[in-house]
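Chemist: sequence unknown, structure follows:
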Ligand code: AMP
C-alpha cells in the first residue's frame, strides 16, 4: 500500500462541494490540493492550491492533473471511465477505474450487488421500449423504470402504476438502456457509508436515515431510527459489497427498509455522500478525513459518534431565509459551499445540529419555515 504524506499533492477530479470538503479535510493535515473542473473558482477550486480548468474528460488536462499530483481521487462517478483508466496507467489512482465503470451504469451496478450476495429489488435490464413491455409482464405493476446511465435525484426515472402509464416510459429510452424494477413498499430509507483502504481495513460510519423531498435529500438523521437488526443487516450488506468490489476509498450504499426489517439495496455511490455530512461534526473521523486516509494509504480510524445529529440540506431557495436566522441558532453548524448562483433546488450548503432530542429538533427545524414547500 503506497503511502502519501503531508506536503504531497492530492488531485481531485471534480470541483463541487464533495471535492471541497475532501480538500478542506486534506489541507488540515498539510496536503496540497489540485483540482480539475470546467469552472474557474469552483467550490473546490476556491480552496485548492492548483486549479486545472477544463472538461473532466479532457485528455491533456487529466494528464496535467496526473503530473502535478502524487495521488488522484474523484468526487463524483460520472467521469469518463476510459479517461480515468488511462490516467491510472500514468498516475497513482488507488481507487482504480473499475468502480466508476460499475456504478455509473445501473445494470452493472445491480448485477455486482447481487453477485456480492446483497439483496436488490427484482429487476430486468431492458434495451428497448418493446423489451420493457415484456419485462413488465414479469415484474408487474407498480414498477419503476430507470435509465441505466445518468440519472440522479429522481431524474431519469418513472413510476408506472398501471398499463395506461406505459407510453410515458418510451422517452426514457432516448438516452440509454433502462432497468425495470419492482416498486419496493419501504418504510424508511437509510444509507451506510463504508470506507476501505488497500490493505483491506474497513469501517462503516453510523447508519443514517434519509428523508427526501421532491426526490432530493432533505434530512439525514443519525443514528437511523430503526431496529438493531436493521443496522446489523445494513452494515453486513455494505461490507459484502465493499469486499466484493475490493473497494479502496468510499462507497455509499443506499437502502430501503421494509416493514419486516429486511433491507433492499437501492444504489451505490463510489464517493463521499450527502448523507454522511453529519460526520464532520458528529464523529471522531469525518467521511472526508477517512476518505483521504484511505486513498493516502493510511490506517483508518474506527468511527465513533459523539452525539445524535440531524443534517439538513440548504438548497438555493433556502439560502436567504437561513442567513436571516443564523443569529438565532448558535447550535447550527452552517456549511455553505461557495457556489456562485443560488439556483432553485441546487445544493448550496447544509447545516448539522447535534441534539439529544431528535424529535424535538425535527419539529424546531420544521417550525422555522425555511424548508416549507
Ligand atoms: P434512485 O435514483 O434510484 O436513488 O431513486 C430515487 C428515489 O426514488 C429513491 O430514494 C426512492 O425514494 C425512490 N425509489 C427508487 N427505486 C424505488 C423502488 N424500486 N421502489 C420504491 N421507490 C423507489
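Modeler: Received it, and whenever you're ready, just let me know what you need. Just so it is clear, the structure is predicted and the values come from calculations on it, not from any experiment. Residues are numbered from 1 along each chain as shown.
Chemist: helices or strands next to the host helix or strand of residue 320 in the packing?
Modeler: Taking DSSP states H and E as the criterion, residue 320 maps to helix 319-325. Packed against helix 319-325, as judged by 3 or more CB pairs under 8 Å, 6 or more residues apart in numbering; DSSP states H and E, are the following elements: strand 347-354. Where you see a C-beta, it was placed from the backbone N, CA and C, and this is true even at glycine.
Chemist: After the helix holding residue 320, which helix or strand is next? Please name it.
Modeler: strand 332-336.
Chemist: Mind listing what's buried along stretch 269-288?
Modeler: 269-283, 285-288 (16 or more other CB atoms under 10 Å).
Chemist: and the ligand, which of those contact it?
Modeler: Counting by CB under 6 Å from any ligand atom, nothing from these sits close to the ligand.
Chemist: Tell me which residues touch the residue most central in space within the chain, please.
Modeler: Centroid-nearest residue in the chain: residue 273, 3.1 Å away (criterion: CA atoms, centre = their mean). Contact analysis of residue 273 by CB atoms under 8 Å, 6 or more residues apart in numbering lists 191, 193, 250, 252, 287.
Chemist: Per-residue pLDDT of it, please?
Modeler: What the model reports as pLDDT for residue 273 is 98.
Chemist: same question, residue 295
Modeler: Listed pLDDT for residue 295 reads 98.
Chemist: for the one 5 residues further on, same thing?
Modeler: The pLDDT attached to residue 300 in the predicted structure is 98.
Chemist: One more: residue 320?
Modeler: At residue 320, pLDDT is 97.
Chemist: gap between the closest residue to it other than its chain neighbours and residue 62?
Modeler: Using CB to CB, 6 or more residues apart in numbering and skipping residues adjacent in sequence, the residue nearest residue 320 is residue 342, 7.6 Å away. Taking CB to CB, to the nearest Å as the measure, residue 342 falls 31 Å from residue 62.
Chemist: Give me the more crowded residue out of these two.
Modeler: More crowded of residue 342 and residue 62, by other CB atoms under 10 Å: residue 62, with 26 against 16.
Chemist: which residues touch residue 304?
Modeler: Counting by CB under 8 Å, 6+ apart, residue 304 has contacts 283-285.
Chemist: buried residues in the helix holding residue 320?
Modeler: Neighbour-count burial for helix 319-325 flags 319, 322 (criterion: 16+ other CB under 10 Å).
Chemist: How far off centre is it?
Modeler: 26 Å (CA atoms, centre = their mean, to the nearest Å).
Chemist: The residue nearest to residue 320 touches residue 349, doesn't it?
Modeler: No: the pair residue 342 / residue 349 is not scored as a contact, 9.7 Å apart, by CB atoms under 8 Å.
Chemist: which neighbours do these two share?
Modeler: Jointly contacting residue 342 and residue 349 under the rule CB under 8 Å, 6+ apart are residue 319.
Chemist: for the ligand, what are the nearby residues on the chain?
Modeler: 121, 144, 151, 154, 157, 181, 183-184, 189, 212, 215, 254, 266-267.
Chemist: any weak-confidence spans in the protein?
Modeler: 152-154 (pLDDT under 70).
Chemist: In the stretch 151-300 of the chain, which residue sits nearest the ligand?
Modeler: Going by CB to the nearest ligand atom, the ligand is nearest to residue 184 of the stretch 151-300 of the chain, at 3.7 Å.
Chemist: Kindly provide the distance from that residue to residue 218.
Modeler: In terms of CB to CB, residue 184 sits 20 Å off from residue 218.
Chemist: try residue 9
Modeler: 36 Å.
Chemist: From the neighbour counts alone, determine which of those two ranks first.
Modeler: A count of neighbours by other CB under 10 Å puts residue 9 above the other of residue 9 and residue 218, at 19 against 15.
Chemist: Could you check the helix or strand where residue 359 lies and say which residues are buried?
Modeler: Assigned by DSSP H and E, residue 359 belongs to helix 358-367. For helix 358-367, a neighbour-count test (16+ other CB under 10 Å) marks 358, 361-362, 365 as buried.
Chemist: biggest separation within those, which pair?
Modeler: Farthest pair in the buried residues of helix 358-367 (CB to CB) is 358 and 365. Separation: 10.5 Å.
Chemist: Now the common contact residues for the two.
Modeler: residue 310.
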